[in-house]
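**Q** next input, structure requested:
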Amino acid sequence: MSIYVGNLSEEVQEDDLKQIFSEYGSVIKVRLPKCRQSGERRGFAFIEMKTDAEEAAAIYSLLDTEFMGRNLRVNKAITKVDKRSSSHV
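**A** The predicted model follows:
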């Protein structure tokens, strides 16, 4: 399971996100995707925490919180389904 965090400032670093999310539990991983062409950050991140309860607490507490001049969008990340691996009956 992971958390999607959107509307991030261009200046945000992995350590910044780890610090604020660690207030709600153990942060396992922080990912800040970059644009393949420009190499710039895309304005969102994925945070993995140790338990679902910690994720829920972070989502509830940080939703619409101002961070580095922007209101965060925080929710449970939606995983993509690989259409090639799904079978049709």
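**Q** all helices for this structure, in order.
**A** 14-21, 52-62 (DSSP state H).
**Q** quick one, what contacts the residue nearest the centre of the chain?
**A** Of all residues in the chain, the one closest to the mean position by CA atoms, centre = their mean is F46, 2.7 Å from it. Contact analysis of F46 by CB atoms under 8 Å, 6 or more residues apart in numbering lists 2-5, 29-31, 33, 77. C-beta coordinates here come from the backbone N, C-alpha and C atoms, glycine included.
**Q** roughly how far does C35 sit from I47?
**A** Distance, C35 to I47, by CB to CB, to the nearest Å: 20 Å.
**Q** low-confidence stretches in this structure?
**A** Counting by pLDDT under 70, the chain contains low-confidence residues at 80-89.
**Q** residue ranges of the strands in it, please?
**A** In the chain, the strands defined using DSSP state E lie at 3-6, 27-31, 44-49, 66-67, 70-71, 73-76.
**Q** enumerate the beta-bridge partners assigned to the residue nearest to the centre of the chain.
**A** Y4, R31 (DSSP bridges).
**Q** coming back round to it: who wins for most neighbours among the contacts of F46?
**A** Neighbour counts for those, by other CB atoms under 10 Å, peak at V5, which reaches 27 neighbours.
**Q** among C35 and I47, which residue is more densely surrounded?
**A** Taking neighbours as other CB under 10 Å, C35 and I47 compare with I47 leading, 27 against 10.
**Q** same list, the strands of the chain, but as TSV with distance to L17 please.
**A** Formatted as TSV, the strands of the chain follow (distance: least, CB to CB, whole Å):
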stretch	distance to L17
strand 3-6	7
strand 27-31	5
strand 44-49	6
strand 66-67	9
strand 70-71	13
strand 73-76	11
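**Q** between these, which gets nearest to E14?
**A** Smallest distance to E14 across those (CB to CB): 4.5 Å, for strand 27-31.
**Q** could you export that closest one as CSV, CA atoms only?
**A** In CSV, the C-alpha atoms belonging to strand 27-31 read as follows (Å, rounded to 0.1, in the frame of the first residue of the first chain):
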residue,chain,number,x,y,z
VAL,A,27,8.2,5.7,6.5
ILE,A,28,9.5,2.8,4.4
LYS,A,29,10.0,4.6,1.1
VAL,A,30,9.6,8.0,-0.5
ARG,A,31,9.4,8.2,-4.3
